[in-house]
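# Generate coordinates for the sequence data below:
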Amino acid sequence: MSTPSFKDSFVAVGRETISKERNDYVYSVGVAVTALMVLAGAVYFWTPIASIVVLICAIILMWGRHMILRQVMTDMNQMRASKNLYPKDKNPEYLQFIELRAQQMLRDNRALTPLAKQEISQLLDWARAQNH
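Residues are numbered from 1 along each chain as shown. From the prediction side, this is the model:
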């Protein structure tokens with residue numbers, strides 16, 4: 001088995017990065033960050049300080065997505081753990097936690113992808129089915 005070349009690896013990563021079939025829980029900010037980087041390059045000729053401000057905005061955008069994704073992953077893992085523990089303990093607080101957290105995520109987080117919304121809805125439906 002041969003190791004893929006750097007070019008093949010680079011192309012594969014690029015295709016995965018821009019693929020619309022990605023399985024992320026939060027929408028990408030790649031297009032906005034790219035636009036800000038291009039804008040920073042164009043503004044640099046006018047005033048270099050303004051390009052720094054634009055680049056800082058791009059960094060803040062990437063950091064914001066990272067923070068949202070981290071919180072979504074934490075919440076999803078906690079809800080899955082509650083679902084797995086419920087059959088053992090039959091503790092109704094697990095169901096209540098899943099229901100309240102899922103409702104809040106679906107209501108408040110506009111950055112969720114359809115995949116995330118589907119998984120959260122499935123957990124919510126499961127918790128409601130166990131309550132009745």
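
# per-residue confidence for the residue nearest to the spatial centre of the chain?
With distances taken as CA atoms, centre = their mean, Val26 lies nearest the centre of the chain, 2.6 Å away. pLDDT recorded at Val26 is 93.

# what about it, distance to Leu61?
Separation of Val26 from Leu61 (CB to CB, to the nearest Å): 12 Å. No exception for glycine: its C-beta is placed from N, CA and C like everyone else's.

# Find the nearest non-adjacent residue to Leu106, please.
Nearest non-adjacent residue to Leu106, counting by CB to CB, 6 or more residues apart in numbering: Ile120, 5.8 Å away.

# got the contact list for the helix or strand that contains that neighbour?
Using DSSP states H and E, Ile120 sits in helix 114-131. The contact list for helix 114-131 (CB atoms under 8 Å, 6 or more residues apart in numbering) reads 23-26, 72, 76, 79-80, 83, 86, 92, 95, 98-99, 102-103, 105-106, 112.

# burial measure for His66, as a count.
For His66, the neighbour count with other CB atoms under 10 Å is 12.

# how close does it get to Ile59?
According to CB to CB, His66 stands 10 Å off from Ile59.

# Repeat that for Trp46.
Computed with CB to CB, the distance linking Trp46 and Ile59 is 20 Å.

# so the residue of the chain most remote from its centre, which of the three states?
Ranking residues of the chain by C-alpha distance from their mean position (CA atoms, centre = their mean) puts Trp46 at the top, at 35.2 Å. For Trp46, the secondary-structure state derived from DSSP: H, G, I helix; E, B strand; the rest coil is coil.

# what mean pLDDT does stretch 60-77 have?
96.

# For Leu115, grab the count of nearby residues.
So Leu115, with other CB under 10 Å, has 13 neighbours.

# For the protein, name the helix or strand with the lowest mean pLDDT.
The helix or strand of the chain with the lowest confidence, counting by mean pLDDT, DSSP states H and E, is helix 6-18 at a mean of 70.
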